[in-house]
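Chemist: Sequence and computational prediction follow.
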Amino acid sequence: MKKKKIKIHYSLMTIVLLMLVSCTTQKQALDISSEEQALFDSKEEEPVEIKDEKTEYEIIIIEPGFNTWLLSIARPEGYYSQSFLENRNAILVMNWNQRVMQPNLYNPNLYEMQINYDPNIDYGYEVNYKLYNYFIYFQRKYHQRLGPFIPRI
C-alpha cells in the first residue's frame, strides 16, 4: 500500500511541477538585425497611406522608418492570406484599443488613438496587409506585445 501512495505522491508532484513550468512566461528576445534597428532609429518620416476605395477606409501612418521597413524587411504582399491578416488584425486592434482606453497603465504617447476596425467588414488585402505589418513594426520597435504571439518577420 505504501508504494501506491508514493507513486501517487510523485505523480502529483510531477503534475504540479509541469503546471508551474507551463504557467511561467518566458520573455523571448526578438531577433532584430542591425538593418532593422537602423530603421527603428530613423527620424525620416514618410507617411504610409492605407486605404480601400470600395469601403472608403483610410489610415495614415506617420511613423519614422515604417515605410522603408515595410518595403525592405516585412514579408512581401501575398505572403499571408487575407483571412490570416484579418484574424490577426482583429486581435491586435482589440488589444490596441484596450490600451488606448487605459492611459494610466499604458504609455499614452504610444497608444494615442483608437482604431475603428470591424472584423465583419472586408477591407481588402492591402489594408489588412499594411495594418498587420504596422502592428509588427510597432511591437518590435517599442518592445510591446499586443497579442499571444511573438511579433516575427
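Modeler: Yep, it's here.

Chemist: What is the burial count for the residue nearest to Y106 when sequence neighbours are not counted?
Modeler: Spatial nearest neighbour of Y106, chain neighbours left out: R99 (4.0 Å); criterion: C-beta to C-beta, 6 or more residues apart in numbering. Where you see a C-beta, it was placed from the backbone N, CA and C, and this is true even at glycine. Residues contacting R99 under the criterion other C-beta atoms under 10 Å number 17.

Chemist: Ok, F149 next?
Modeler: Residues lying near F149 (other C-beta under 10 Å) number 11.

Chemist: Name the SS class of the residue nearest to Y106, please.
Modeler: Under DSSP: H, G, I helix; E, B strand; the rest coil, R99 falls in the helix class.

Chemist: ok, now which ones touch it?
Modeler: R99 makes contacts with L105, Y106, L110, Y111, L146, as judged by C-beta atoms under 8 Å, 6 or more residues apart in numbering.

Chemist: Now which of these would you call buried?
Modeler: Neighbour counting with 16 or more other C-beta atoms under 10 Å marks Y111, L146 as buried within these.

Chemist: Throw the contacts of R99 into a markdown table and include distance to D41, thanks.
Modeler: A markdown table is the format used below for the contacts of R99 (distance: C-beta to C-beta, whole Å):
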| residue | distance to D41 |
| --- | --- |
| L105 | 27 |
| Y106 | 23 |
| L110 | 17 |
| Y111 | 21 |
| L146 | 22 |
